[in-house]
Each structure stands twice: as C-alpha cells, then as structure tokens.
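In: sequence-free structure coming up:
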DNA sequence: AAGCGCGATATTGTATACAATAATAGGCAA
DNA sequence: TTGCCTATTATTGTATACAATATCGCGCTT
C-alpha cells in the first residue's frame, strides 16, 4: 500500500525534513496511516517531491518518537505497539499526567481556563459533525487537550514527554480500540477543566486517572493478536 | 577546536551511525567534550572514517536527546543549556525520580540490591582513584546508578526519559558546577539503596529529593553568564 | 584608523550515484 | 504438485557530488 493519503496541501514549495515529519506524524495520529503500513523512502519522497535524504531524516526522527519502527535493510513501518508497550504507554500516562496537572495548576488562571474551554468547544463541534475527516480531527483535538494542559505546566521537557505519549496512545487506540466512538470522553475533559477552575487539583487528578482508565477500558489488550493463537481465532 | 578526544578504540571495522552517536554521547556525558564545542561533520567523519551521511544521522539523533544543538547552516554544537533549561531539567528529575522509585520498589529484591551495591562499589573504587579518566568514569558511574534504578521500574519509557535527563544533567553540571569534586554524593546513593532494601520507599524518595537538592546546590545558576552582563563580571 | 563591502573559502543542505541486502518469481527436481 | 534453489528486481545503506549559505579576510572608503 502506497500511502496516497499523506500530503494534504503541502504542494507549497520547498518542503524540508521537519515538514515531512510533521505531515507523517499528523497522518499517523489522525489514523490516516494504519499501524504496520510501510513507508517506502522513494514513495514518500516522490509524494513530497524531495529526495530520499530528507525522507530518511524525517523517518529517523519519527522512529525516535516511537511512531515508526525502522528495520535494518527492510524499511520503515508505522509502529504497531505490542500489548506490553501499550500497557507501558498508559501506565506512564497515569504516572505523568497527575504530576503535570499539579505543576500546571498554579499557572492556570482565567486566561488558561478560557483557552482550555475553547479546545473543548472545538471538540464538541467535531463530535456533532459526521464523516471520517471529523472523526480524525476529533482524535487529534482530544490529544490536544492533554497537550495544552502539559504546556501550561511551563515545563518544556514534560511537554515533550507528553507529546510522545499522546501520539503513541493514538496508535494504541488505532490498534486495540474497540468502540468506533470517540476515543476520549469529551465530558471528562470538561469536568477536569471545571475542577481546575476551582483550583481543586486533587479532584482534577482523580478525574484524570478515571479518564485514562476509561480510555484504556475501551481497549482490547488481551495477549492474542500475534498470529500465535490462530486456532483460538478460528475455534470460536 | 577539533575534538581529538572522541574515539577511544573505535578502530574496529565498519562503524555505524549508532556507534558514532554512542561515542559522542559518552564523550559529552563524561565531559571530554565541553559545552559549545563545534562538531564539524567532516571532522567527525574523518575521525570515524565514515562519510558525512552517517555523522549527520548521529548528530540528528543527539539533537533529539537535547545533547547537541544544530543551527541551520551553521552546524552542530555540544549543547550549553541555559539557566532556565537547567532548572527545568532538575525540576523534572525531582518530579520523575520519586515516581520511578515507587514503581521500581516492588521489583527490588535481593538480586537488585546486589546489583545496585555493585554499582556503588564501582563508584567508590573510582572515587579513591586519581586522575582525569577516573573523574570521567565517576561522572558516568554516578548517572548509571540513577539509570539502573529507572531500569528496575520495568517501564522502558520511563527509563528512556531518565536517560535523557541524566545525560543533560551531566551537561548542566559541566557548565554550572562549582566544586570540582564528584557531582553526586556517593554516600547518598548508598543511603537510598539501604532504604530500598528495607522497602522503606517513603524514605528512599525523601533521600532522593535531598540528593537532587545537593547536586543542584553545587550549581551556580545565577542569571549572568550570557555575555550581556559583562560589566557585572568585571565590576566585582 | 575604523567601518563597510565584497570576494574567497569553508561548511552545511540536498540530490544523486553506487553498493549491499532482502524480497520475489521462475524453473528445476523429487 | 510441492519444495528448494537461483536469478532478478526492488529497496535500503552509504558515499560522493553539487548547490546554497555563512564565515573570514582583504582592500577600499571616509
């Protein structure tokens, strides 16, 4: 499969590695590229009208983020996190997000609440809209909420860690998600903002943990899936 | 300055990007390469007897880790974290290391304690040894202790986050450290292991925070240093 | 003498060419 | 027909060539 669904409107002249990286990352996060999809250097290159050099740079960067895996002499593939990796990703989010919330809380005033509510509004708008593009935008918007909170912590390092975790979460949801319905309960984000607005950090943290639980509850993280249990797959 | 102190014994045939990256990272972490040092692509390439292609790949990877900064059309330099960055690095360690400790604690049994004590013994051996190479090894060993604990958490993602933080901490210490003496109080590591051995996680966390405080206390993180305050520098 | 501008030089950015490895298909033998 | 082996093809890995940009030094001007 040659991904023809990669470059939205990047026909602007003079693409650089960073833009390619962002375009591919967006495509992965919005699930236009399925886990396992091969990203051939020449294909991607011709798509963006650049040489393999820049493509390789972009792919290398994405592999560092854990969004693609490059196999020596075989090429780059959109990552398919194993069950174990999926569990680690969410375990890490459970550990980090409360910490981030506590860090961010002191910096959250009227301005920040307004900013977060704007994100919520956008989420809601997308929820009420139908069609695949809206679903994709919704996935991204849902992640953006978590990232916005992380940014408010004022700690760029934490923000970067969350960038990675949110992006990889999207992959996990693509692989193991069951309900087609939105990945993130929108109302839960709302409740978290409410708690933040009243400076009730403890409640906000509790809600965040519940929220992550709910996301993970929608996942089917049973061991199978890895070819080994073929008989099991047919037996039922 | 062309770094002649980079490749220890890498004359082994067929170096790849990963090895170059590791060699440079070690050189940075062990402070054989000072912050601000320029890493010219051709120089590094001829040093390892590879083309610029591989060097660029290695440099790109290191820039993701925050160990070097690449300026467009100007080249790559060993990073010199600003005061603000330095503070964020340590702030993040203060947030993460207790979390890691709590995660690791359940997995720490006799075997793990033995492993940690072996690291402590190595640290002590180096402390009692004189000469620059021993000092370098000591810096690395001190970081290795923190990384070993992170590894015991069983969470590869947390481990990777700590990899980055420990490496960058080494840069900060190189830049802002005052005492020439060892960066990490060795006895503090020992106390932490003692607490872990008795499953006293709360104490271990408290000791860890104190430990980080002590490291940071040895730093001179006053704003100056950035050229702007020349008059201040001479005034005193 | 100091400052400015311009040309020479060196270094990085990108594309391409070549080498090495893996995937594929076809044919041969059992 | 099935299985294996080989030749072919395609793709990645690495080096090199060329283009673009920045740096440095020289000479000119004021």
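Out: Yep, it's here. Keep in mind it's a predicted model, so treat the numbers as computed, not measured.

In: Surely residue A:73 is within a strand?
Out: No - according to DSSP: H, G, I helix; E, B strand; the rest coil, residue A:73 belongs to no strand; its state is coil.

In: Give me the distance between the two termini of stretch A:152-159.
Out: Start-to-end span of stretch A:152-159 (C-alpha to C-alpha, to the nearest Å) is 9 Å.

In: Show me which residues of that stretch are buried.
Out: Judged by neighbour count using 16 or more other C-beta atoms under 10 Å in any protein chain shown, the buried positions of stretch A:152-159 are A:152, A:153, A:155, A:157, A:158, A:159. C-beta here means a position set from N, CA and C on the backbone, and glycine is covered the same way.

In: Which segments of chain A make up each domain?
Out: Domains of chain A are assigned by automatic domain parsing as A:17-78, A:83-217.

In: Wondering if the longest one reaches chain B at all.
Out: Yes - shown here: domain A:83-217 in contact with chain B (C-beta under 8 Å from any C-beta of the partner chain) through A:85, A:88-89, A:91-92, A:95-96, A:99, A:103, A:155-158, A:161, A:165.

In: For chain A, name the helix or strand with the lowest mean pLDDT.
Out: helix A:230-235 (a mean of 47; mean pLDDT, DSSP states H and E).

In: just to revisit the earlier point, buried subset of the residues of domain A:83-217 next to chain B?
Out: Buried among the residues of domain A:83-217 next to chain B by 16+ other C-beta under 10 Å: A:85, A:88-89, A:91-92, A:95-96, A:99, A:103, A:155, A:157-158, A:161, A:165.

In: Show me which pair in those residues is furthest apart.
Out: A:85 and A:103 (26.0 Å; C-beta to C-beta).

In: Pull the number of nearby residues for the closest residue to residue A:221 other than its chain neighbours.
Out: Setting aside the residues directly before and after it, residue A:221 is nearest to residue A:83 in space (C-beta to C-beta, 6 or more residues apart in numbering or on different chains), at 5.1 Å. Applying other C-beta atoms under 10 Å in any protein chain shown, we find 18 other residues in the vicinity of residue A:83.

In: Check the gap between residue A:83 and residue A:71 for me.
Out: Residue A:83 is 20 Å from residue A:71, where distance means C-beta to C-beta, to the nearest Å.

In: Quick check: residue A:36 vs residue A:25, distance?
Out: On the measure of C-beta to C-beta, residue A:36 and residue A:25 end up 17 Å apart.

In: Residue A:82 now?
Out: Using C-beta to C-beta, we find residue A:82 at a distance of 21 Å from residue A:25.

In: same thing with residue A:187?
Out: Taking C-beta to C-beta as the measure, residue A:187 and residue A:25 are separated by 28 Å.

In: With neighbour numbers in mind, choose between the two.
Out: Of the pair residue A:187 and residue A:25, residue A:25 is the one with more neighbours under other C-beta under 10 Å, namely 20 against 11.

In: Just the element for that one, please.
Out: For residue A:25, the enclosing helix or strand under DSSP states H and E is helix A:17-29.

In: The buried residues of stretch A:152-159: which two are farthest apart?
Out: Using C-beta to C-beta, the buried residues of stretch A:152-159 span at most 14.2 Å, a distance reached by A:152 and A:157.

In: Find the residue closest to the residue most central in space within chain A in space, skipping its chain neighbours.
Out: By C-alpha atoms, centre = their mean, chain A has its centre lying nearest to residue A:167, at 2.8 Å. Taking C-beta to C-beta, 6+ apart, and ignoring the residues beside it in sequence, residue A:167 has residue A:29 as its nearest neighbour in space, at 5.4 Å.

In: and what of residue A:81?
Out: In this structure, residue A:81 finds its nearest non-sequential neighbour in residue A:172, 5.3 Å apart by C-beta to C-beta, 6+ apart.

In: Next, format the domains of chain A as CSV and append mean pLDDT and distance to residue B:140.
Out: What follows is the domains of chain A, written out as CSV (pLDDT from 0 to 100; distance: least, C-beta to C-beta, whole Å):
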stretch, mean pLDDT, distance to residue B:140
domain A:17-78, 96, 22
domain A:83-217, 93, 22
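
In: wait, which of those is closest to residue B:206?
Out: Nearest to residue B:206 among the domains of chain A is domain A:83-217 (17.1 Å), distances taken as C-beta to C-beta.

In: which residues in chain A form helices?
Out: Along chain A, counting by DSSP state H, helices occupy A:17-29, A:41-48, A:52-64, A:83-104, A:110-127, A:132-152, A:156-176, A:186-197, A:201-217, A:230-235.

In: Give me the angle between the fourth one and helix A:186-197.
Out: Spelled out, it's helix A:83-104. Angle, helix A:83-104 to helix A:186-197, by axes from the mean of the first three to the mean of the last three C-alpha atoms, to 10 degrees: 30 degrees.

In: which ones are touching residue A:86?
Out: Listed by C-beta atoms under 8 Å, 6 or more residues apart in numbering or on different chains, the contact set of residue A:86 reads A:172, A:175, A:176, A:219, A:221.

In: Quick check: beta-bridge partners of the nearest residue to the third one once chain neighbours are set aside?
Out: Which is residue A:176. Spatially, and ignoring its direct neighbours in sequence, residue A:176 is nearest to residue A:219 (4.3 Å; C-beta to C-beta, 6+ apart). Residue A:219 has these beta-bridge partners by DSSP bridges: residue A:177.

In: list the contacts for the spatially closest residue to residue A:189 that is not a sequence neighbour?
Out: Once flanking residues are discounted, residue A:189 sits nearest to residue A:145: 5.1 Å by C-beta to C-beta, 6+ apart. Counting by C-beta under 8 Å, 6+ apart, residue A:145 touches A:116, A:119, A:120, A:123, A:184, A:189.

In: For these, which two are the farthest from each other?
Out: The span of the contacts of residue A:145, defined through C-beta to C-beta, is set by A:116 and A:184 at 13.8 Å.

In: Quick check: residues of chain A near DNA strand D?
Out: By C-beta under 7 Å from any atom of the strand, the part of chain A that sits against DNA strand D consists of A:38-42, A:52-53, A:56, A:70, A:72-76.

In: contacts with DNA strand C among these, please.
Out: When contact is defined as C-beta under 7 Å from any atom of the strand, the residues of chain A next to DNA strand D meet DNA strand C at A:52, A:53, A:72, A:73, A:74.

In: Contacts only, for the closest residue to residue A:193 other than its chain neighbours.
Out: Of all residues not flanking residue A:193 in the chain, residue A:116 sits nearest, at 4.9 Å (C-beta to C-beta, 6+ apart). For residue A:116, the contacting residues are A:145, A:148, A:149, A:193, A:196, by C-beta under 8 Å, 6+ apart.

In: Isn't residue A:63 up against residue A:72?
Out: No - assessed by C-beta atoms under 8 Å, residue A:63 is found out of contact with residue A:72, at 11.6 Å.

In: Compare neighbour counts for those two and give me the winner.
Out: residue A:63 (16 against 6).

In: Test of understanding: give the bridge partners of the nearest residue to that one once chain neighbours are set aside.
Out: Using C-beta to C-beta, 6+ apart and skipping the chain neighbours, the partner closest in space to residue A:63 is residue A:70 (4.9 Å). When bridges are called by DSSP bridges, residue A:70 pairs up with residue A:76.
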